[in-house]
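1. Quick one, what's the 3D model for this:
(2 chains)
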Amino acid sequence: MDELLEVQGVTKKFGSKQALGNVSFTLGAGRITGLLGSNGSGKSTLMKLIAGLAQPGSGRISVLGVPIGVESRKLVSFMPDVPVTESWMNVGDALKFQRDFYPDFDQAKAQRMLDFMNLRVQDKVRTLSKGMNERLQLTLALSRRARLYMLDEPIGGVDPVARTKILNALMEFYEEDSSILISTHLVNDIERIFDEVIFLKNGEIVLQREVEELRLERGKSIDELFREVFAEC
Amino acid sequence: MVIEFDNNQPIYLQIMNYIKGEIITGKLKPGDKIPSVRELAAELQINPNTVQRTFQELERETIVETRRGMGRYVTGREETILTIKKEMAQDVLDRFIRGMQELGFQGEDILAAVAENIHQRDQE
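-> Residues are numbered from 1 along each chain as shown, chains lettered A, B, ... in the order given. Alright, predicted model coming up:
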């Protein structure tokens, strides 16, 4: 089986509002994919379905052939757009929690990432800046030995310095046989780390292509294409 | 390595051109080791597969050689380096001529303008 992730005809409704409409795509192993869309386009919903945190209305999702469920969660590490940590925790507690939850948590890697991120175990989660908190959330997600990492808006709302640090950490600690799906609406800062991009608009995929092919063919940046596609949103 | 990327153009081509430039200007010398995929991807903050593709293309053009288990090295072949030089000169010429044509200059006029410019430089 070549495909790491397979999404087949997935729909999701919230009440009468359609969040995802007949979404189908596959992701290969060892690749970094950008899931791009404006706010409310369905990015977070799609990720939650893949993470097994919500059920699709219809359609099928599998990771390495394993249908989404308890087993697939061992293969997928998800960083949601809201922190997974509690405000009473310090950084050490957060790590311990993650380790208790996931047997594949790599303590040594987590420690290396903390050093890289300039985080200390005794730091209180409550007092971390937005940027430092994003670094912590990324550390928690990437320290698992998973096959698919899903990062929901990892650079949203942080300043350019923190953004650079987060991108550096991604490139430094990325395991090359795994895949990363990154959702963002800030394309310019991050487009050079993608193999391919998926444009999600109003809950539907309007484009899935290799980024270098797009640049060669259109002579435009992914950011520029993104602005064209989402201009009327 | 510091490269100012233009996101409108394929990244692998930009890295290829950068490395070729470093070779021609002698900053990278024949036999020099070049960084690993991992190192370069982290340093430039770009996708590792993009770096991999860059190296594959450089190998195909025999600019870079892989020594098994040792890494990649700049070629020692003189003719390859000469070829890169010619190619890059061709690119410069293409851009120049296109620019002159856009300004309304044609064949002989362009030659005359170049000759005059070189003549002036020689006198300075």
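2. what about residue A:50, how many residues close to it?
-> 24 (other C-beta atoms under 10 Å in any protein chain shown). Glycine gets a C-beta too; all of them are placed from N, C-alpha and C.
3. which residue sits closest to it, ignoring its sequence neighbours?
-> Distance criterion C-beta to C-beta, 6 or more residues apart in numbering or on different chains; nearest residue to residue A:50, sequence neighbours excluded, is residue A:61 at 5.8 Å.
4. Kindly report the same for residue A:35.
-> residue A:183 (4.3 Å).
5. Tell me which residues are up against whichever strand or helix holds that neighbour.
-> When elements are assigned from DSSP states H and E, residue A:183 belongs to strand A:179-184. Identification of contacts with strand A:179-184 by C-beta atoms under 8 Å, 6 or more residues apart in numbering or on different chains yields A:4-5, A:27-37, A:43-44, A:47, A:50, A:81, A:147-156, A:170, A:174, A:190, A:193-194.
6. so residue B:9 touches residue A:219, yeah?
-> Yes: at 7.3 Å, residue B:9 counts as touching residue A:219 under the criterion of C-beta atoms under 8 Å.
7. and those two? which has more neighbours close in?
-> residue B:9 (16 against 11).
8. Mark out where each domain of chain B begins and ends.
-> Using automatic domain parsing, the domain parsing of chain B gives B:11-76, B:79-123.
9. Please report the distance of residue A:21 from residue A:201.
-> 10 Å (C-beta to C-beta, to the nearest Å).
10. quick revisit: going toward the C-terminus from the strand holding residue A:183, what's the next helix or strand?
-> Strand A:179-184 is succeeded, C-terminally, by strand A:196-201 (DSSP H and E).
11. how far off strand A:179-184 does that next one point, in degrees?
-> Between strand A:196-201 and strand A:179-184, the angle comes out at 40 degrees (axes from the mean of the first three to the mean of the last three C-alpha atoms, to 10 degrees).
12. now the angle from the helix or strand of chain A with the lowest mean pLDDT to strand A:179-184?
-> When the helices and strands of chain A are compared on mean pLDDT, DSSP states H and E, helix A:160-173 comes out lowest with a mean of 89. Relative orientation of helix A:160-173 versus strand A:179-184 (the same axes, to 10 degrees): 170 degrees.
13. Okay, helices next: where are they in the chain?
-> You didn't pick a chain, so chain A it is. Counting by DSSP state H, chain A has helices at residues A:43-51, A:91-101, A:107-117, A:130-142, A:160-173, A:211-218, A:222-229.
14. meant chain B actually
-> Using DSSP H, helices in chain B cover B:11-24, B:37-44, B:48-60, B:78-102, B:107-123.
15. Does the third one reach chain A?
-> Yes: among the residues of helix B:48-60, B:48-50, B:53 lie within reach of chain A under C-beta under 8 Å from any C-beta of the partner chain.
16. Filter those down to the buried ones.
-> By neighbour count, with 16 or more other C-beta atoms under 10 Å in any protein chain shown, these hold B:48-50, B:53 as buried.
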